[in-house]
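S.K.: Everything below, folded, please.
(one chain, ligands or ions: 2)
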Amino acid sequence: MNNLTIIAVVGASASGKSLFAQTIYDELVDELGSDSMTIIKEDSYYRCQDHLPFEERIKTNYDHPKAFEHELLAQHLLELSQGQPINVPVYSYTEHTRSNEVEVINPAKVVLVEGILLLTDKALRKRFDINIFMDTPLDICLIRRIKRDLEERGRDLESVTNQYQDTVRPMYYRYIEPSREHADIVITKGGRNRMALELIKAKVRELANL
Ligand SMILES: Nc1ncnc2c1ncn2[C@@H]1O[C@H](COP(=O)(O)OP(=O)(O)O)[C@@H](O)[C@H]1O
Ligand SMILES: Nc1ccn([C@@H]2O[C@H](COP(=O)(O)O)[C@@H](O)[C@H]2O)c(=O)n1
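M.R.: Ligands and ions are numbered 1, 2, ... in the order given. Coordinates of the predicted model:
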């Protein structure tokens with residue numbers, strides 16, 4: 001598919017990346033069809049850690065670029081642009097490794113890729129056509145992350161706050177915030193910013209109808 005457009009949605013953990021990408025998809029899918037758009041999560045490309053015992057896996061710095069297999073994601077984006085389906089790994093936040101399953105993603109005119117460290121990787125940046133940065137205040141992100149990790153990712157308060165201080169916050173300042181310089185569009189007010197959603201939806205509509 002040579003007229004495929006890849007939109008990267010980047011920002012701090014719990015800044016609203018998933019909500020923003022999913023809202024665009026949900027609000028356009030009836031009009032454009034499910035084969036026009038697809039969403040890929042950078043988190044699906046966390047490295048396989050099957051070779052490590054669980055006690056070691058919980059020590060990994062999941063906010064460092066090396067935690068991700070970005071080469072595989074870049075290869076998959078190339079394959080999608082060549083019209084080929086890809087097998088996206090399925091990641092488990094409770095096991096801290098990949099499951100044995102994959103999700104088949106077919107090429108689509110608009111591919112939304114969302115994740116914390118996408119813009120830190122030069123090879124990935126070459127694949128992206130539009131870069132969006134979610135500029136949500138970190139204290140708001142922290143509150144949302146605590147709630148989400150307790151409810152959905154099988155964590156307790158102590159592990160969330162320790163991880164936040166040890167890696168999540170420092171890596172944000174070392175890697176994520178500086179990668180903002182690569183953004184074409186910076187979105188304030190999070191994943192429910194209605195004006196931003198409408199503007200990006202209009203762009204996606206235009207691209208899907210090319
Ligand atoms: N504007 C918002 N208002 C209320 N809750 C929000 C808002 N944006 C995101 N959330 C919630 O915060 C959590 C993190 O949002 P999410 O989109 O998953 O962030 P990210 O993908 O950046 O990690 C989710 O539970 C989501 O429903
Ligand atoms: N085993 C893991 C893997 C990742 N994380 C955290 O997920 C965050 C990225 O995902 P978002 O949906 O929040 O963008 C990242 O900050 C990692 O700390 C984890 O806790 N455990």
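
S.K.: Tell me the strands beside the helix or strand hosting Tyr91, with direction?
M.R.: Counting by DSSP states H and E, the secondary-structure element that holds Tyr91 is strand 86-92. Based on DSSP bridges, the pairing partners of strand 86-92 within the sheet are strand 97-105 (antiparallel).

S.K.: before we move on, back to that, please state the offset of the strand holding Tyr91 from the chain centre?
M.R.: Here the centre of mass of C-alpha atoms in strand 86-92, compared against the chain's by C-alpha atoms, centre = their mean, to the nearest Å, lies 13 Å away.

S.K.: and what of stretch 47-55?
M.R.: Relative to the chain's own centre, stretch 47-55 is displaced by 22 Å; criterion: C-alpha atoms, centre = their mean.

S.K.: mean confidence for it?
M.R.: This predicted structure assigns stretch 47-55 an average pLDDT of 97.

S.K.: rewinding a little: can the strand holding Tyr91 be said to contact ligand 2?
M.R.: No. Looking at strand 86-92 against ligand 2 by C-beta under 6 Å from any ligand atom, there are no contacts, and the closest approach is 7.2 Å. Just so you know, the C-beta spots here come from the backbone N, C-alpha and C atoms, and that holds for glycine as well.

S.K.: touching ligand 1 at all, that strand?
M.R.: No. Among the residues of strand 86-92, none lie within reach of ligand 1 under C-beta under 6 Å from any ligand atom; the closest is 13.4 Å away.

S.K.: tell me the mean pLDDT for that strand?
M.R.: Looking at strand 86-92 alone, the average pLDDT works out to 98.

S.K.: Only the buried residues of that strand, if you could.
M.R.: Across strand 86-92, burial judged by 16 or more other C-beta atoms under 10 Å covers 86, 88-89, 91.

S.K.: Equivalent analysis for stretch 199-208, please.
M.R.: When neighbours are counted by 16+ other C-beta under 10 Å, the buried residues of stretch 199-208 are found to be 200-201, 203-204, 207-208.

S.K.: What about the residues you listed, which are in strands?
M.R.: Secondary structure defined by DSSP state E assigns none of these to strands.

S.K.: What about those residues, which are in helices?
M.R.: Secondary structure from DSSP state H places 200-201, 203-204, 207-208 of the buried residues of stretch 199-208 in helices.

S.K.: So which of the buried residues of strand 86-92 is the closest to Leu112?
M.R.: Distances from those to Leu112 were compared by C-beta to C-beta; the smallest belongs to Val88, at 13.3 Å.

S.K.: how about the closest one, what does it touch?
M.R.: Contacts here follow C-beta atoms under 8 Å, 6 or more residues apart in numbering; on that basis Val88 touches 40, 44, 76, 102-105.

S.K.: Name all residues that make contact with the spatially closest residue to Leu119 that is not a sequence neighbour.
M.R.: Of all residues beyond its chain neighbours, the one nearest Leu119 is Ser179 (3.8 Å), with distances taken as C-beta to C-beta, 6 or more residues apart in numbering. Residues in contact with Ser179, defined by C-beta under 8 Å, 6+ apart, are 10, 117-120, 133.

S.K.: ok, now Ile146?
M.R.: Shown here is Ile146, whose contacts under the criterion C-beta under 8 Å, 6+ apart are 157, 160-161.

S.K.: Buried subset of those residues as a PyMOL selection?
M.R.: To isolate the buried ones among those in PyMOL, judged by 16+ other C-beta under 10 Å, type:
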select buried, resi 160
